[in-house]
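below is the sequence, then the predicted model.
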2 protein chains.
Amino acid sequence: MTSKIARFFAENKPATPCLVVDVDQVEARYQALRHALPQARIYYAVKANPAMPVLSRLVELDSCFDAASWEEISFCLSAGAKPESISFGNTVKKVQAIQAAYVAGVRMYAFDCLEELEKIAAHAPGSRVYCRIMVDNEGAEWPLSRKFGTSTESAKELMLKAADLGLDPYGLSFHVGSQQLSAEAYEVAISRVASVFSELADTGLDLRMVNLGGGFPVRYRHDVPGIDHFSQVISHAMTEHFGNALPEMLVEPGRYIVGEAGVVRSEVVLVSQRGRETGPRWVYLDIGRFGGLAETEGEAIRYAIHTSRDGSPVGPVAIAGPTCDGADIMYEKAPYELPLSLESGEQIELHSAGAYISTYCSQSFNGFQPLEEYYI
Amino acid sequence: MTSKIARFFAENKPATPCLVVDVDQVEARYQALRHALPQARIYYAVKANPAMPVLSRLVELDSCFDAASWEEISFCLSAGAKPESISFGNTVKKVQAIQAAYVAGVRMYAFDCLEELEKIAAHAPGSRVYCRIMVDNEGAEWPLSRKFGTSTESAKELMLKAADLGLDPYGLSFHVGSQQLSAEAYEVAISRVASVFSELADTGLDLRMVNLGGGFPVRYRHDVPGIDHFSQVISHAMTEHFGNALPEMLVEPGRYIVGEAGVVRSEVVLVSQRGRETGPRWVYLDIGRFGGLAETEGEAIRYAIHTSRDGSPVGPVAIAGPTCDGADIMYEKAPYELPLSLESGEQIELHSAGAYISTYCSQSFNGFQPLEEYYI
């Protein structure tokens, strides 16, 4: 937690649950990534946190934007982004969304199948397109593989088809999965992309761009490899596979930019053994899986939890949300331990909570309103 | 789909995704349940759908209400419900929520542990309380068991303690799990509850109420046992275990009351084989797991899907939502088949969609706004 956030909590004592994001920290992470990967243009993945103060700051820093929907494109434009800095990165787009983006001046679109390519050709003629290929997501804590992407074989055909349809066959993308701990995942993906570049060059089609996607991890409960490690592996793989003919490089970080900049504060609603002689205490918070902690599904993302009693003796706990839903359990198998003296009414903090929580949050499940958000 | 909903779609052609609920159908289900279980008071589980037209209609019908939060209590009061018709049924409650409910006149509270009982005693003195016991959720498609409830042994101690604390030890509750297909689940739970009644009577404490929870199923893709079957099994078990000294009976239906009254209409955003020679087509809808279909997690709730091409040749499909999230897949293992001629831009309908969808819906994941709701 940054000192700015700590001061905000001390001075404002906001009602819980709430999210506080230090926008200077967002900037620091953006700069760190730009420094580590100077050869890549940064397209911030808006879906990680589309709050206006985050987008505005990134516009000031000359960031580009990866948008998942027409709505996200309009958020970026409202924040002052130029349409040419926006990529419509969802491979699944309504015709109306493509039309609106095109009218607004957006000229870069993702796809992974013929049907979508034809939609883009019809409604965003002449635009740059890039094809998403499917790669292994091993090593990712929030994998993305099954739903998106096509084979390298199909990607080749589709890029040729893109040219036929009057589009600009710009390049290829992949996504190694979110919160990816293994830099080698990028290496493997780059080699696959390079083979498509090479084979298409043999047919006379020169692609110009590699979109490396996102996936760079943040620290939750454990240290993760730093961005310099990822940049070294990526740079080495790009040079190895592309030699001197390096294509343009794009990255689409979301979690990496905003994750560590945010803290969620929550109130403990109940601590109880519930009549069992053995087993963990159950700790119920006023935020749960349907209040924004959707990434705890399958206990995938494991937030670091801090209490005002840290340092005192601890014992095992299961941690659940405040709703009547039996699925609203964040951690039952993960080995969480919290202070034995923790009581209902006390506040706890989830660190590295700047990404994804505010948008996943349900609009009113069990009547609970979405958490308040503060950008400082 | 009721003819009223069909007419609404034909006349209004609402933008998708949207939910249309026939409030007359809500009333019909309420009446059917009242007729099948005349000895039980109905506490509608507000979390299933807290829309004002639903609550107002149920107030007219003299329904009682099971609320999960102070916010839901306030919805009920706004709809005209009397505070004495409201049960605060969440076993996990903030002190402020108990205080607000008590000030508003709510005098019935659920709990499942000593800590919560003490909170209720302190902030809702003299109120009726009922203890939730843990029962097996086998047979339920959306089980609730691990997070809530205590042992029968502990329930006995807690009810005695409730009296000591100046509360009214009213009764016991259980929940067999949502969308419960097996009536026997109620039978087993009733026998456990009856044994606690009997043992407490031996110590001089007479409980007066059994809260049977909810769980009654609705028809999704397959027929389910009718409410008469559940009522017969429940009535038989109550008589068998309580004899002539039948306690008051409460039920807390949510899905059963509103589920079949609602239809979601959605647009097909993309249909694609994505370059694979084999395997299902992928059908992407403009509603997904984070747009309200949260109960498709683990493919638990399987909505019946209807298209305008029903009757034409079909083939296997995977079905996913519109977001960039790899977890936003509704059905990949379930054997869904949809018309081979289905194309992007067409509309489909999910039946029995009146429960839970509108409230689970995320406030803005990927920039998508919550689905529109129409109550007719």
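Thanks, I have the structure now.

any regions of chain A where pLDDT drops low?
Within chain A, the stretches with pLDDT under 70 are A:144-145.

and A:Ser308, how many residues sit next to it?
As a burial measure, A:Ser308 scores 12 neighbours (other CB atoms under 10 Å in any protein chain shown). Backbone N, C-alpha and C define where each C-beta goes, glycine included.

name the nearest residue to it, ignoring sequence neighbours.
A:Glu346 (6.6 Å; CB to CB, 6 or more residues apart in numbering or on different chains).

distance check, the one you found against B:Glu116.
For A:Glu346, the distance to B:Glu116 equals 16 Å [CB to CB, to the nearest Å].

next: A:Leu172.
Distance, A:Leu172 to B:Glu116, by CB to CB: 55 Å.

for the closest residue in space to A:Ala32 that isn't next to it in sequence, give me its contacts.
Leaving aside its sequence neighbours, A:Ala32 sits nearest to A:Ile227 (CB to CB, 6+ apart; 6.0 Å). By CB atoms under 8 Å, 6 or more residues apart in numbering or on different chains, the contact set of A:Ile227 is A:32-33, A:36-37, A:216, A:256.

swap in A:Ser358?
A:19, A:49, A:51, A:292, A:370-371, A:373, B:363.

now, which of those residues sits nearest A:Val193?
A:Val193 has its nearest neighbour among the contacts of A:Ser358 in A:Asn49, at 28.1 Å by CB to CB.

rewinding a little: just the contacts of A:Ser358 now: which is nearest B:Ser198?
Distance to B:Ser198 across the contacts of A:Ser358 (CB to CB) is lowest for A:Gly292, with 44.8 Å.

for the stretch 201-350 of chain A, what lies in contact range of chain B?
Taking CB under 8 Å from any CB of the partner chain as the measure of proximity, the stretch 201-350 of chain A contacts chain B at A:267, A:269-276, A:282, A:284, A:286, A:290, A:294, A:297, A:320, A:322-329, A:332, A:344-345.

let's see it at 6 Å
By CB under 6 Å from any CB of the partner chain, the residues of the stretch 201-350 of chain A that approach chain B are A:269-270, A:272, A:274-275, A:284, A:320, A:322, A:324, A:326, A:329.

re earlier: can you select the buried ones among the contacts of A:Ile227 for me in ChimeraX?
Only the buried entries of the contacts of A:Ile227 go into this ChimeraX selection, using 16 or more other CB atoms under 10 Å in any protein chain shown:
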select /A:33,36,37,216,256
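
what's in contact with the lengthiest helix in chain A?
Ordering each helix of chain A by length in residues (DSSP state H) puts helix A:184-202 first. Here helix A:184-202 makes contact (CB atoms under 6 Å, 6 or more residues apart in numbering or on different chains) with A:135, A:139, A:152, A:155-156, A:172, A:174, A:176, A:207, A:210, A:233-234, A:237, A:241-242.

and the helix or strand that contains A:Lys156, how far from the chain's centre?
Assigned by DSSP states H and E, A:Lys156 falls within helix A:152-164. Relative to its parent chain, helix A:152-164 has a centroid offset of 28 Å by CA atoms, centre = their mean, to the nearest Å.

is it correct that A:Ile98 is in contact with A:Ala124?
Yes - at 5.3 Å, A:Ile98 counts as touching A:Ala124 under the criterion of CB atoms under 6 Å.

between these two, which contacts overlap?
Here A:Ile98 and A:Ala124 share no contacting residue, scored by CB under 6 Å, 6+ apart.

wait, doesn't the residue nearest to A:Ser308 sit right on A:Leu270?
No - in this structure, A:Glu346 is not within contact of A:Leu270 by CB under 6 Å, at 11.2 Å.

show me chain A divided up by domain.
Domain assignment for chain A by automatic domain parsing gives A:50-253, A:260-375.

how close does the closest residue in space to A:Ala100 that isn't next to it in sequence sit to A:Ala101?
Leaving aside its sequence neighbours, A:Ala100 sits nearest to A:Trp70 (CB to CB, 6+ apart; 4.7 Å). From A:Trp70 over to A:Ala101 the distance is 6 Å, taken as CB to CB.

next: A:Phe111.
A:Phe111 sits at a distance of 13 Å from A:Ala101 (criterion: CB to CB).

next, A:Asp22: phi, psi?
Backbone torsions of A:Asp22, given as degrees, to the nearest 10, read phi -90, psi 110.

distance of it from A:Ala261?
With distances taken as CB to CB, A:Asp22 is found 5 Å from A:Ala261.

what does A:Asp164 give?
Applying CB to CB, the value for A:Asp164 to A:Ala261 is 44 Å.

give me the more crowded residue out of the two.
Set A:Asp164 next to A:Ala261 and count neighbours by other CB under 10 Å: A:Ala261 wins out with 26 against 11.

isn't the more buried one right next to A:Val23, touching?
No - using CB under 6 Å, A:Ala261 makes no contact with A:Val23, being 7.2 Å away.

what about the helices in the stretch 251-376 of chain A?
A:255-258, A:357-360 (DSSP state H, counting those that start in this stretch).

single out the most deeply packed of those helices.
helix A:255-258 (a mean of 28; mean count of other CB atoms under 10 Å in any protein chain shown).

who does it touch, helix- and strand-wise?
The contact analysis (3 or more CB pairs under 6 Å, 6 or more residues apart in numbering or on different chains; DSSP states H and E) places helix A:255-258 against helix A:23-36.

chain center to the helix it packs on, what's the gap?
Here helix A:23-36 is found 15 Å from its chain centre; the criterion is CA atoms, centre = their mean.

direction included, what does the helix or strand immediately after it in the chain pair against?
Next helix or strand after helix A:23-36 toward the C-terminus (DSSP H and E): strand A:40-45. Sheet pairing for strand A:40-45, assigned by DSSP bridges, gives strand A:64-67 (parallel), strand A:248-251 (parallel).

could you dump these to JSON lines with distance to A:Ala45 and mean neighbour count?
Converted to JSON lines, the strands paired with strand A:40-45 look like this (distance: least, CB to CB, whole Å; neighbours: other CB atoms under 10 Å in any protein chain shown):
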{"stretch": "strand A:64-67", "distance to A:Ala45": "5", "mean neighbour count": "28"}
{"stretch": "strand A:248-251", "distance to A:Ala45": "9", "mean neighbour count": "21"}
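
out of those, flag the one nearest B:Lys13.
Relative to B:Lys13, the nearest member of these by CB to CB is strand A:64-67, separated by 27.8 Å.

contact partners of the closest one?
Strand A:64-67 has contacts (CB under 6 Å, 6+ apart) with A:41, A:43-46, A:73, A:76, A:81, A:85-89, A:252.

pick out the most distant pair among these.
Within the contacts of strand A:64-67, A:Arg41 and A:Ile73 form the most distant pair, 17.4 Å apart (CB to CB).

more neighbours: which of these two?
Between A:Arg41 and A:Ile73, A:Ile73 has the larger neighbour count (other CB under 10 Å), namely 25 against 18.

so which elements touch whatever helix or strand the more buried one lives in?
Following DSSP H and E, one finds A:Ile73 within helix A:70-78. Applying 3+ CB pairs under 6 Å, 6+ apart, one finds that helix A:70-78 makes contact with helix A:95-103.

ok and the helix it packs on relative to helix A:70-78, angle-wise?
Interaxial angle, helix A:95-103 versus helix A:70-78 (axes from the mean of the first three to the mean of the last three CA atoms, to 10 degrees): 20 degrees.
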